[in-house]
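1. Sequence first, predicted coordinates after that:
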Amino acid sequence: AVPGIKALYGVAAQAQASGERYDYEPAGRGAFPVEEDWDTRAYLRHLPTVFEAVRNEFGPEIPLLHDGHHRMTPIQAAKLGKALEPYDLFWLEDCTPAENQEGLRLVRQHTTTPLAIGEIFNTVWDYQTLIKEQLIDYVRAASTHFGGISPLKKVMDFAAQYQIKSGFHGPTDISPVGFAAQLHVGLAIHNYGIQEYMQHSVKTNEVFEQSMTFVDGYLHPGD
């Protein structure tokens, strides 16, 4: 949470209109969209102190990731990326709306914090400039939005030429079928990076029978 912001997406205890807490997927459930607060300056001031505290408590080895959720302008994202450099992030995700692919040039010029983009992208063309100019480090495409196995494989082959790795989108709105598709793409590429994983509900798993398991940070697709 950010001091002074009372209702913020991604903070499960704040963002629920229904009163029911969702730790894995904190998008609000309810009859109407949840009205949220936002203050960019408060966020930019507070966030580096959060990572400083986490590093001080847990040390340098644990990988730390942060999702900016498209909230920043390119110059704000550049400022945040630079401020977070001492804390050695695994990645800074969706720091600015990437429909403006050129905006990532400005971010890249000012920070060495690794960047991950693309969970809302629909085609390989959304990545063309980002990959060709090496403006990102991780591809966040999702099988269900991106067209399935073949387009994912195509964009990762393109990314491999520039040492850009996968980091496919994996929240609970990716069905077990879609998740299995991108899990198998991850097994088939040489530039695999990491796979986001959020556990589906018991009810979902009753409908979609599966042999995939998640143990100690590793996914196994089954035999």
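-> Arrived safely, thanks for sending. Residues are numbered from 1 along each chain as shown.
2. who touches the nearest residue to Gly4 once chain neighbours are set aside in this structure?
-> In space, Gly4 comes closest to Ala42 once its chain neighbours are excluded; the distance is 5.1 Å by C-beta to C-beta, 6 or more residues apart in numbering. (Each C-beta comes from the backbone N, C-alpha and C, glycine too.) Each residue near Ala42 by C-beta atoms under 8 Å, 6 or more residues apart in numbering is listed here: Val2, Pro3, Gly4, Ile5.
3. Likewise for Asp37?
-> Asp37 neighbours (C-beta under 8 Å, 6+ apart): Ile5, Lys6, Ala7, Leu8.
4. Likewise for Pro63?
-> With contact taken as C-beta under 8 Å, 6+ apart, Pro63 is in contact with Phe90.
5. now the helices for the protein?
-> The residue ranges that make up the helices of the chain, judged by DSSP state H, are 40-58, 74-84, 103-110, 128-132, 143-146, 149-160, 176-188, 202-207.
6. will you turn the ones you listed into TSV that also has mean pLDDT?
-> Putting these into TSV (pLDDT from 0 to 100) gives the following:
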stretch	mean pLDDT
helix 40-58	97
helix 74-84	98
helix 103-110	97
helix 128-132	96
helix 143-146	92
helix 149-160	97
helix 176-188	95
helix 202-207	89
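7. Would you mind saying which of these lies nearest Asn122?
-> With C-beta to C-beta, the closest approach to Asn122 among these belongs to helix 143-146: 5.8 Å.
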